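Asker: what's the 3D shape of this:
(4 chains)
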Number of protein chains: 2
Amino acid sequence: MGSNTGVPSPPWRKARKTAPLKPQLSQDLIVETGLRILDADGLDGLSMRRVAQELDTGPASLYAHVANKEELLELIYDMVLGEIRLPERDPSRWKDQLREYAREMHRVLTRHADVARAALANVPTGPNAVRLGEYVFGLLIEAGMAPRAASLAVDRLSLYISGDAYEASLHYARMRAAGQSDTEAYIRDFVRQIDAYYRSLPPDRFPHITAHVDALTGEGGEARFEYGLDLILDGLQARMP
Amino acid sequence: MGSNTGVPSPPWRKARKTAPLKPQLSQDLIVETGLRILDADGLDGLSMRRVAQELDTGPASLYAHVANKEELLELIYDMVLGEIRLPERDPSRWKDQLREYAREMHRVLTRHADVARAALANVPTGPNAVRLGEYVFGLLIEAGMAPRAASLAVDRLSLYISGDAYEASLHYARMRAAGQSDTEAYIRDFVRQIDAYYRSLPPDRFPHITAHVDALTGEGGEARFEYGLDLILDGLQARMP
DNA sequence: TTCTAGTGACGAACGCTGTTCGTGTCAAGT
DNA sequence: ACTTGACACGAACAGCGTTCGTCACTAGAA
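Answerer: Numbers count the residues shown, from 1 in each chain, chains lettered A, B, ... in the order given. Coordinates of the predicted model:
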């Protein structure tokens, strides 16, 4: 907040022509601010009013640069994708590179809460999204896959990554809504409750669940993601000519 | 709607003790009504006020039977799962049965718009959810899978099904928000736009995308779902002892 | 039969949301 | 110097989830 808000300037000092007190409103500035809020408070905390407030203006001012809250989210999503750095393409190592891409994508989506929703809701058309699309699609094509199969493979892999990240963000949002902030402790408590619930089921109607509660609640998020990723990559390898 | 709402009863006719004019409020009634609204107008159309209005009461009345909108959604989700009918378990045909289960689950989630979100947000604990969990988990166990692997497999398969259904529901919501109601025409238009966009990209920077636009936009939702499902099932088969 | 306790129903309100309208203001182009 | 056009923004609209306090009514006790 500027220190001279509402105080008239002395008449002898001319208004400065350059360097206005607050930076000019622009789409980039709005998107950056939106991302900052999203990281701090999640999708529930991101409102047009909140962004405007952070920029020292009213909510109506944003609509000159951004059509919608939905469009703002898409722009934030593409900005986040800009964080992804990829090694040079090497089709002979397609499986490793695809795995590395999946991990990097997943890491970035998980780090920025709730952005994964935009990944699910939109066909990739932003500048960074098509850059990534060209990379991974080209990798499979150059590795010898038929175009149609490569297209399906990219689509399903993206869905898997975004789906997992979105699921995680939903749990994260629930934690935040509960006022918790210690992620570790929250997960531990959560798993303990599920564990107790499964154990309380009648064994005659649920023999397999009750017999293997430890197996059901044992693995954390990372192991699950890796298992599904291996499943998909192995399936692709079997289809590779 | 009753025909005598707001009209006082004639004084000589005693108030009936049984069969009140409107059915008594109950959790089941609220959940049923919520599901009806969800099917008609999607998650955006489902509000506590709307449910109350449909039940001829105020929104505050619902909170005696339902803690939250979130809880209402969970209850609706489990009610929807009740639609799923499953054949008797036959471990020797685990792959076919797993595929049938996946298709049925996907079909039900897709039919009821936006319910898939609840599938992603919650660990399955409702009565119908555990029934399904016991079925599919038991199927893999009896087919010879190790408990830990079976647990991971069920988890990943569920994520895939729900993720795909949720993605579809997001597009469906977008269509409804645009005022469209002809799904076929909407999809055709949508694909045409993506097609045109990909074709407009500079070929030197996006050689693979621009060279295979038809392959990228050719397959519809069902083919994509089946491809990913096959990918997962083949991967599981390869891990089966 | 009368009184009492308790429960479900619900009108009103709080504080929030995304978005639009009409007006104001300021800078660039003529 | 004047016009034009783009941007900024205060105010308002319609709607949201949820809570509070009060009301009516029923079931059980005296």
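Asker: need the contact partners of the helix or strand encompassing A:Leu132.
Answerer: Using DSSP states H and E, A:Leu132 sits within helix A:127-142. Outside of helix A:127-142, the residues within contact range by Cβ atoms under 8 Å, 6 or more residues apart in numbering or on different chains are A:77-79, A:81-82, A:84, A:86, A:89, A:91, A:94, A:97-98, A:101, A:105, A:124, A:147, A:149-151, A:153-154, A:157, A:236, B:201, B:205-209, B:212, B:216. Placement of C-beta: from N, CA and C, glycine included.
Asker: in ChimeraX, select just the buried ones from these.
Answerer: To isolate in ChimeraX the members of the contacts of helix A:127-142 that are buried, counting by 16 or more other Cβ atoms under 10 Å in any protein chain shown, one can use:
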select /A:77,78,79,81,84,94,97,98,101,105,124,147,149,150,151,153,154,157,236 /B:201,206,208,209,212,216
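Asker: returning to what we had before: counting neighbours, which bits of the helix holding A:Leu132 end up buried?
Answerer: So for helix A:127-142, counting by 16+ other Cβ under 10 Å, buried means A:128-141.
Asker: do a quick rundown of the strands in chain A.
Answerer: With DSSP state E as the criterion, chain A has no strands.
Asker: so which bits of it are right by DNA strand C?
Answerer: A:15, A:17, A:46-50, A:59-60, A:63, A:68-70 (Cβ under 7 Å from any atom of the strand).
Asker: hmm, try it at 10 Å
Answerer: A:15-18, A:20, A:41, A:43-53, A:58-64, A:66-73 (Cβ under 10 Å from any atom of the strand).
Asker: show me the shaky parts of chain A.
Answerer: For chain A, applying pLDDT under 70 flags the ranges A:1-23.
Asker: in it, what residue is nearest chain B?
Answerer: A:Gly163 (2.9 Å; Cβ to the nearest Cβ).
Asker: ranges for the helices of chain A?
Answerer: With DSSP state H as the criterion, chain A has helices at A:27-45, A:48-54, A:69-81, A:94-111, A:115-121, A:127-142, A:147-177, A:183-199, A:207-211, A:213-218, A:221-239.
Asker: including distance to B:Met240, could those helices go into a markdown table?
Answerer: Output for the helices of chain A, formatted as a markdown table (distance: least, Cβ to Cβ, whole Å):
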| stretch | distance to B:Met240 |
| --- | --- |
| helix A:27-45 | 40 |
| helix A:48-54 | 51 |
| helix A:69-81 | 37 |
| helix A:94-111 | 21 |
| helix A:115-121 | 31 |
| helix A:127-142 | 27 |
| helix A:147-177 | 21 |
| helix A:183-199 | 24 |
| helix A:207-211 | 17 |
| helix A:213-218 | 16 |
| helix A:221-239 | 12 |
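Asker: please identify the deepest-packed of these.
Answerer: helix A:115-121 (a mean of 23; mean count of other Cβ atoms under 10 Å in any protein chain shown).
Asker: what is that one packed up against?
Answerer: When contacts are defined as 3 or more Cβ pairs under 8 Å, 6 or more residues apart in numbering or on different chains; DSSP states H and E, helix A:115-121 packs onto helix A:69-81, helix A:94-111, helix A:147-177, helix B:147-177.
Asker: what does stretch A:209-223 rub up against?
Answerer: A:164, A:168, A:187, A:191, A:194-195, A:198-199, A:201-203, A:227, B:130, B:133-134, B:137, B:141, B:147-148, B:150-152.
Asker: who touches A:Val80 in this structure?
Answerer: Counted by Cβ under 8 Å, 6+ apart, A:Val80 has contacts A:Leu35, A:Val108, A:Leu109, A:His112, A:Val115.
Asker: tell me which of those residues is nearest to B:Leu120?
Answerer: Taking Cβ to Cβ as the measure, B:Leu120 lies nearest A:Leu109 of those, at 14.2 Å.
Asker: now do the residue nearest to that closest one when sequence neighbours are not counted against A:Tyr227, distance only.
Answerer: In space, and not counting its chain neighbours, A:Leu109 is closest to A:Ala165: 3.8 Å by Cβ to Cβ, 6 or more residues apart in numbering or on different chains. From A:Ala165 across to A:Tyr227, the span is 16 Å (Cβ to Cβ, to the nearest Å).
Asker: do the same with A:Leu159
Answerer: Following Cβ to Cβ, the distance that separates A:Leu159 from A:Tyr227 is 16 Å.
Asker: go on, A:Arg103?
Answerer: 13 Å.
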